[in-house]
Structures are given as C-alpha cells and as structure tokens.
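Visitor: Need the 3D shape of this:
(2 chains)
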Amino acid sequence: MKKILLIFIILFLTGCYDYMEINDLGFITAIGIDYEEDTYKATFEILDDSDDIQKIKSESKTISNLFDNISLIISKVPDYHHLKTVIISKSVAQNHLKELTDFLIRSPEIRNEFLLVVCEGTSPLELFKKDSKESIGEKIAKLIKTSKNQTNISYDRSFEDILEKILNKKMEATASVITLENDEITLKGIGLFKGYNYKYFLDTKKSSLLNILNKENTNYSIFIENMETKIYESNVKYDFKENTVTININAKAKIIENTTQMDLKDNKNYLIIEKKLNKVLENDLNDLINNLKDNNIDAINLNDRQYKKTRKNRNNYLKNADIKINIDTKINWKGSIFQIDEN
Amino acid sequence: MKTKEQFSITYFLTRPFFFGIIYSQIFGLSETDSIISCLLGTIIGLFIIFLISKMDYSDKKFKTIQIFFYLFLFILAISSIETYASSFLLTKTPKIIIIIPAIMLVSYANQKDMSVIKKCAFIFAIISIFSTIIICLLLSNYLNIQNILPFFSHKPLNILKSAMIFGVMSASPNILLKDENIPLKNHLIFYLITTIINTTIAFLTLAILTPDVAKIYSYPEYMVLKRIRIFEFIENIENLSVLIWYFDYFFLLVYIFKKMQEIIKKRVIFFIIIIMTTLLTTFFIANDFYITIWIYKYSSIIISTFLILFISTLKHK
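Guide: Numbers count the residues shown, from 1 in each chain, chains lettered A, B, ... in the order given. Next up is the predicted model:
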C-alpha cells in the first residue's frame, strides 16, 4: 500500500502538468501601449533563446485581447515575470489607466514591480521602431535609475507604488515621462495624475524639486551669478497648524563651478552664498507649489501628511493651505580648489 | 511529548488560515488598524485556548459535531490550497490533480505514528521560523511605518470584527490538540509566540504594500513576497518563500486525518468520507467562486458556531 502511495505521489508531485521548456518561453521585458481610434495598439519586446530582440505588434479593442493576440504572431509562450517597463501613451494615461491597471494587477503572471512610464509627444510604439541590440525596457529602467543621481527628474518607483497613490484618496500619483528627441529616448520630467487620469508633466526643474519635497531624492542645481551650486542632501519636515503648513528644509550644497571673483577662502562669503541659495530655492519651491495649487494636484501629498498627523479629513487641502517655507542651506563641499583666478 | 514538539504543533495548527483567509479579511476590514485587530485577536485567541483546555466533549453526541467540525476545517484547508495553487502556481493544472498529491501525502503521513509527525513538525517548524526571519529581514528594507498610520481611524466595530476573525480562525484548529496533553501555560505561551510572528508578518505586509493596496489583493502576504530582492539579482523567489504557508496546511490536514480516524474507526468509511469531501470541495466549492467566497466570508461565523457547541460541554463537566 505504502509503495503504491509513493508511486502515485512521485507521479503526481513532479508538477509536469504546467511544465514549460525555457526554449518555449518568450520573456517580455517591455510593453508600449497606445490608444488610437477606439483601438489599443501595443508593441511587446520579447527576449528568447536567440540573440535577437523581437518586437511584436498587437491591436485590439480590449486590453485582454491585446495581450492574447501576441500568441497569433509568436510561437512562444509569453512570460511576464521579467517585465521591466510598461510605456503608455498620453491618451492611455489620460483615459484608460484604470482598465489597464485592473488587467495588470489581476494577472498573476505579471509582477507589479515594473516601472510605469508615460510617453509624451510621440507614440510609445515609435520607441520600439529603432533597431537596437539593447532592450528598450532595460534602457528606460536604467535611464530612470541613473537620472536619480544626476538630474533627479525621474520617479524611480514600481507600478505598485503608483497604484498605492492612486488608491489612496489623499494622495496623487506620479510617474516618469519620456519622449523621443533626435531619435533618442529622453527623460522629460515627472508626470502628475489626478486619480487614474494623467494631467500634465512638470519641467526638469520642478520635477527635481518635487522629488525633494516628496523626500524621494535630492539633486538640484542652482546658478547664482556665475556660480553653479548643487543641493545634494536635504531633510524636509512638514509642520501642520490648521490651514497653515510650514515646510522646513535643511539642505546641504556643493559648489560645482565658480568663475566669480568671490574669495572662497573668506568664510563670510559662504554665508552670502547660502543666503542667496535659500532665496532662490524658496522662490523655485513657491513656483512649484503655486503650479500644483493652480492645477489642484496634491503631488506633494500634503493632505495625506496632514491627515496622518492631525487625523482631519480635508478636501482640497493643498489649494486652501497657506504654505510657508523655511530653508536653511549649508555649503559643505567646494571641490579641490578655492578659485581659479586668485586676486 | 517534549516541549519543543508541543511548540511545533501549536505553531503549525495556529497558522494555516492566515494565508488567504485571515489576512485578506482583516486588511479589508481594519486597514491601518489591522495591527490593533491582531493584538485584540490574540487576546480573544488566548481566551479560546483557555476554553479549549476546559472542554470535555467525550460524550458520544459530540462525536458527530466533532466530525463535522473537522470536515469543515478540511474543506476550508483544501479549497484554500486549490484556489491559491490554481491562481498563482499551476494555472493550467486541474484542481483535482493539484489536490490528489496533497491528500496522498497526508494519507501517507497519517499511517505514521504520532511521534514521527511531531518530530517532523519540529524540523519543519525550525525551517519555517528560520525562513520567516530571513523573509522579514529581506523585506524590512522596504517598510515604511508611515503607511500604517494613523491608528484607531476605522470603525471600532470593524476592528472588533477582524479581531474576532483573527482570534477564532487562529485558535480554533487548536481543538485538534485537545488530547495532546499540552499544559495550558505552555499552550498559551506557544500560541502567543505564533500570533506574534503572524502579527509581524501582517505589520510588514501593511507597512510595505500600504493598506490601500493590501486590501485589494486576495493574497497580500504572497504579493509582498514579490518585493524580495537580494543584491539586485536574486528575485522571483516568492514561489519558494510561500512554501512556509504550505507546511501549516500539511500538519493541519494530518491532524484532521488522525482525529477523524480516532472517531471513525473503520478505515474504509473514513477514506470514503475523505474522498467524497475532496471531490465535493474540488468540483463544487473551489470551482465555484460564489460558494468559495461565501465560505471564506462566513468561515469565522461557522467556526464560532462550532466553538459555541463545544463550549456548551463546559456545563456537562
């Protein structure tokens, strides 16, 4: 009896039923989705056992068919476990993100760890037309990651994080925006959503400041009178008193370039630069906040932050809030020289 | 029975229904207050464990109730295994093929002496706890405590409901340990340790996924495992990590088999009941989400009814 049982267990426990040879799988690393004339159009970037990267086009009225239709073209079973990037057009981001989100998170084969990127100015399908040996999905993912430490204009969070902000009624979601410039994929800034609907994207300056206010990452270049500085570290704290919000920022800055006559051996000059930096940064932050207020998009999640501290549910909190900014910048890096032209 | 074996079996019989049933219901009801529910649920569970120790259902008329109770736990366990496996792991395999090896493995274990099962439980408990610690450490990198704030922001009734689900669903399988002669003090301590481990998992799941995302998933405790990434190149290990939840179901099923066989002496009848229940669950419950969801939704109420029936034996003492 025991032996019979063991034979049965061996036969059944091997899990052959769902077995799939790796050669039969097509690993999808990126998907570009557009919506035109009531039809979803997509390009799937597929890696398989050959060296080439296949790009398969699909069209359908529904999202599920869009994904199913690729099996009509390739002889591989699509595998979404290595999906890196989903690039959506402006029209999908504006009007069809809810349907797409439902499909993506419902499907157990798709890991929600991919990056969701909005493509402005051109159809995401155009990105895949370029004949390249490099995977578009990998390239965009790397672009977003490296931008974090350089220009700081990307949103380096997974789709699940975007979803978290969409589902939380006190938050607004953000996503990286890319475009095709001179035939090269280029980062444009951070796109803002209201619920499931994409609204617009912030320019590079504002995107970088948004990342500072959201405590994502700090890297912000400021030019003051022939001197280039960079805010590279910040500590942002929000203080709430009814409708008044005080944003306290302690920042650290570097001097990147100095062609002024300012003597950097004189410690008093650092105080002058810091004062100027505070002023410029305050103005720039006010610009960003006014932009968000005008569009009524709480991308800095003020409502959620105040709710967690005061437990009061307030509608249109950002729009009605009186926001004060206190900045204290300290320069603690000037490079290996004081200045090139000594007086 | 050695203390370490007492701990192992209490550990395994407290955990099974957390996966796919307790967590998803608690997160849906209490959201940010789920941790409060877990703590209240632990107190309720401790009280149930205390009541279990005082129960005496040796009376013949309780045998039938016992069988129905064990069968309900059996149905809940196998429908949970089938639903999860067919949704995430073996999407093309028919549910009956998924469950047959599990039932065979349990039947094989059922032939072994209780001491063998307890020794196995101890080894698996070490693996399970060690894996849980590793998983928690790997996930701690992604946690944000702000995600579970503020506390006490949901309806007290919802917090209480989810605490009841936690307490009832985690403590009730411990009825299977009634005749194991585990000292009450030990049983309470071991139950407490297990619920602390499971509350930590709930905390991590919520603090990483956020309550808004956690509540939309059927298996949030599985979805959070997808975040695990070691040195940026080891990923996709959620299907391996999820094994820890399968050990719990294995020991629960083994104990259900053992206890049912103690009541149904004739092996043929016992196997007919098991086969019929398996077929019924596979083809009529796990294949029909109207019934599956209904059972998940009301499982705590059904189990509470059984508990009340068992508690009524207290008067007979």
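Visitor: domain assignment for chain A?
Guide: A:20-202, A:214-335 (automatic domain parsing).
Visitor: Would you format those as TSV with mean neighbour count, distance to chain B and mean pLDDT included?
Guide: For the C-beta atoms, the positions are set from N, CA and C on the backbone; glycine is no exception. Formatted as TSV, the domains of chain A follow (neighbours: other Cβ atoms under 10 Å in any protein chain shown; distance: least, Cβ to the nearest Cβ, whole Å; pLDDT from 0 to 100):
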stretch	mean neighbour count	distance to chain B	mean pLDDT
domain A:20-202	19	4	89
domain A:214-335	16	5	89
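Visitor: so which of these comes closest to B:Ile175?
Guide: Among the domains of chain A, the nearest to B:Ile175 by Cβ to Cβ is domain A:20-202 (33.8 Å).
Visitor: Now the terminal residues of that closest one, how far apart.
Guide: 45 Å (Cα to Cα, to the nearest Å).
Visitor: Equivalent analysis for stretch B:215-225, please.
Guide: OK, stretch B:215-225 end separation, Cα to Cα: 16 Å.
Visitor: same check, this time on stretch A:236-251
Guide: Where stretch A:236-251 begins and where it ends lie 8 Å apart, using Cα to Cα.
Visitor: mind checking pLDDT for A:Phe12?
Guide: Listed pLDDT for A:Phe12 reads 61.
Visitor: wait, I meant A:Tyr19
Guide: For A:Tyr19, the model assigns a pLDDT of 75.
Visitor: What's the local residue count around it?
Guide: A:Tyr19 has 11 neighbouring residues, counting by other Cβ atoms under 10 Å in any protein chain shown.
Visitor: And it, how close does it get to chain B?
Guide: 10 Å (Cβ to the nearest Cβ, to the nearest Å).
Visitor: Could I get the phi/psi values of that residue?
Guide: phi -60, psi 140 (degrees, to the nearest 10).
Visitor: again with A:Asn235
Guide: Taking degrees, to the nearest 10, you get phi -130, psi 110 for the backbone angles of A:Asn235.
Visitor: Look up the closest residue to it, ignoring the ones flanking it.
Guide: Nearest residue to A:Asn235, sequence neighbours excluded (Cβ to Cβ, 6 or more residues apart in numbering or on different chains): A:Asn250, at 4.4 Å.
Visitor: wait, what's in contact with that neighbour?
Guide: Contacts for A:Asn250 (Cβ atoms under 8 Å, 6 or more residues apart in numbering or on different chains) come out as A:234-235, A:328, A:330.
Visitor: Same question for B:Asn186.
Guide: By Cβ under 8 Å, 6+ apart, B:Asn186 lies in contact with B:3, B:6-7.
Visitor: repeat that for 6 Å
Guide: B:Gln6 (Cβ atoms under 6 Å, 6 or more residues apart in numbering or on different chains).
Visitor: returning to that earlier point: take the contacts of A:Asn250 and keep only those in strands.
Guide: In strands, defined here by DSSP state E, the members of these are A:234-235, A:328, A:330.
Visitor: I'd like those residues laid out as TSV, including distance to A:Ile88.
Guide: Listed next are the ones in strands among the contacts of A:Asn250 as TSV, based on distance: Cβ to Cβ, whole Å:
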residue	distance to A:Ile88
A:Ser234	31
A:Asn235	34
A:Asp328	40
A:Lys330	41
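Visitor: residues of stretch B:225-238 that come out buried?
Guide: Buried residues in stretch B:225-238, counting neighbours by 16 or more other Cβ atoms under 10 Å in any protein chain shown, are found at B:225-229, B:235, B:238.
Visitor: Check these one by one and keep those near chain A.
Guide: B:Lys226 (Cβ under 6 Å from any Cβ of the partner chain).
Visitor: Closest one to A:Val92 out of the buried residues of stretch B:225-238, please.
Guide: B:Lys226 (24.1 Å).
Visitor: Do a quick rundown of the helices in the stretch 201-317 of chain B.
Guide: B:211-214, B:220-223, B:238-241, B:243-263, B:267-280, B:289-311, B:313-316 (DSSP state H, counting those that start in this stretch).
Visitor: Tabulate those in a markdown table, adding columns for mean pLDDT.
Guide: Listed next are the helices of the stretch 201-317 of chain B as a markdown table, based on pLDDT from 0 to 100:
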| stretch | mean pLDDT |
| --- | --- |
| helix B:211-214 | 91 |
| helix B:220-223 | 90 |
| helix B:238-241 | 81 |
| helix B:243-263 | 91 |
| helix B:267-280 | 92 |
| helix B:289-311 | 90 |
| helix B:313-316 | 63 |
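Visitor: what about those helices, which gets the closest to A:Tyr17?
Guide: Per Cβ to Cβ, nearest to A:Tyr17 of those: helix B:238-241, 15.6 Å.
Visitor: Which elements pack onto that closest one?
Guide: Helices and strands touching helix B:238-241, by 3 or more Cβ pairs under 6 Å, 6 or more residues apart in numbering or on different chains; DSSP states H and E: there are none.
Visitor: which outside residues touch that helix?
Guide: Identification of contacts with helix B:238-241 by Cβ under 6 Å, 6+ apart yields B:135, B:225-226.
Visitor: which one among those gets closest to A:Tyr198?
Guide: If you rank the contacts of helix B:238-241 by distance to A:Tyr198 using Cβ to Cβ, B:Lys226 comes first, at 25.5 Å.
Visitor: The nearest residue to B:Ser218 once chain neighbours are set aside sits in which helix or strand?
Guide: Computed as Cβ to Cβ, 6+ apart, the closest residue to B:Ser218 that is not its neighbour in sequence is B:Ser24, at 5.8 Å. Per DSSP states H and E, B:Ser24 falls inside helix B:22-30.
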